[in-house]
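Chemist: Predicted model and sequence follow; I will ask about them next.
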Amino acid sequence: MLVHGRGLVPTFPFSPPRPKRPRPPLLAYSWHTALLGSIWCLGLMFVINWIISLVFLAAHLMMVLYISHAAAKKDWGDAVSGLMFQQVAG
């Protein structure tokens, strides 16, 4: 449930007005339904077993904080310097 609910979080800001796909768009999809699904999954977790839900949410929070703190700080440069290098080298 936590994985599914967390998987819906990145879709909140994306609500394309008209997706350019060959198939017809999902009429009921928007960031509202993604948010509702995420809240529903978290709610079901607590209804099923609230103690285990708290343990998993705490573990999830600790992992997110650890990964964000221990992430490698690497400067990948910017697009302008890459484009200039490509034009000079090529």
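Modeler: Received it, and whenever you're ready, just let me know what you need.
Chemist: Could you give the average pLDDT over the longest helix belonging to the chain?
Modeler: For the chain, the longest helix by residue count, based on DSSP state H, is helix 50-70. Per-residue pLDDT values over helix 50-70 give a mean of 90.
Chemist: Which secondary structure elements does it sit against?
Modeler: Where contact means 3 or more CB pairs under 8 Å, 6 or more residues apart in numbering; DSSP states H and E, helix 50-70 is packed against helix 2-8, helix 31-48. Every C-beta, even on glycine, is put in place using the N, C-alpha and C of the backbone.
Chemist: need the least confident one among the ones you listed, by mean pLDDT.
Modeler: Lowest mean pLDDT of the helices and strands packed on helix 50-70: helix 2-8, a mean of 64.
Chemist: Tell me the spacing between M45 and M84.
Modeler: Per CB to CB, to the nearest Å, M45 is found 50 Å from M84.
Chemist: More neighbours: those two, which one.
Modeler: Taking neighbours as other CB atoms under 10 Å, M45 and M84 compare with M45 leading, 19 against 10.
Chemist: circling back to that earlier point, of all the helices and strands packed on helix 50-70, which one is nearest L57?
Modeler: Smallest distance to L57 across those (CB to CB): 7.2 Å, for helix 2-8.
Chemist: Look at G77 and give its secondary structure.
Modeler: Three-state assignment for G77 (DSSP: H, G, I helix; E, B strand; the rest coil): coil.
Chemist: Mind pulling the model confidence for it?
Modeler: 70.
Chemist: Also the one 3 residues further on?
Modeler: You'll see V80 listed with a pLDDT of 78.
Chemist: Now name the helix or strand holding it.
Modeler: Assigned by DSSP states H and E, V80 belongs to helix 79-89.
Chemist: Can you list the buried residues in that helix?
Modeler: Buried residues in helix 79-89, counted by 16 or more other CB atoms under 10 Å: none are found.
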